[in-house]
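Novice: Quick one, fold the following:
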Amino acid sequence: MRNAVIVSAVRTAVGKAPRGSLKTVRPDDMAAVVIKEAIERAGIEPG
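Specialist: So this is what the prediction gives:
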């Protein structure tokens, strides 16, 4: 079994609920942006 290691940290945007600027952004879309950025910052090739 491989061990998981934290190699980067990225924060999602913060908005006011329920009328903020992020009210139309789906949580999974926001998570995808954060994951892609963490991979890029860590210098890991995706895939």
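Novice: Can you give me the distance of the spatially most central residue of the chain to M1?
Specialist: What sits nearest the mean C-alpha location of the chain, by Cα atoms, centre = their mean, is V34, with 1.6 Å. Between V34 and M1 the distance, using Cβ to Cβ, to the nearest Å, works out to 26 Å. The way it works is simple: take the backbone N, C-alpha and C, and place the C-beta from them, glycine included.
Novice: tell me the mean pLDDT over stretch 25-37?
Specialist: The average pLDDT within stretch 25-37 is 92.
Novice: Return it as CSV; C-alpha atoms alone will do.
Specialist: Extracted in CSV, the C-alpha atoms of stretch 25-37 (Å, rounded to 0.1, in the frame of the first residue of the first chain):
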residue,chain,number,x,y,z
VAL,A,25,-20.5,27.8,-8.7
ARG,A,26,-21.0,24.1,-8.1
PRO,A,27,-18.9,22.6,-5.3
ASP,A,28,-17.4,19.9,-7.5
ASP,A,29,-16.4,22.5,-10.1
MET,A,30,-14.7,24.5,-7.3
ALA,A,31,-13.0,21.4,-6.0
ALA,A,32,-11.7,20.6,-9.5
VAL,A,33,-10.1,24.0,-9.8
VAL,A,34,-8.4,23.6,-6.4
ILE,A,35,-7.1,20.1,-7.2
LYS,A,36,-5.7,21.2,-10.6
GLU,A,37,-3.9,24.2,-8.9
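Novice: Show me how far it is from its chain's centre.
Specialist: In this view, stretch 25-37 has its centroid 5 Å away from the chain centroid, taken as Cα atoms, centre = their mean, to the nearest Å.
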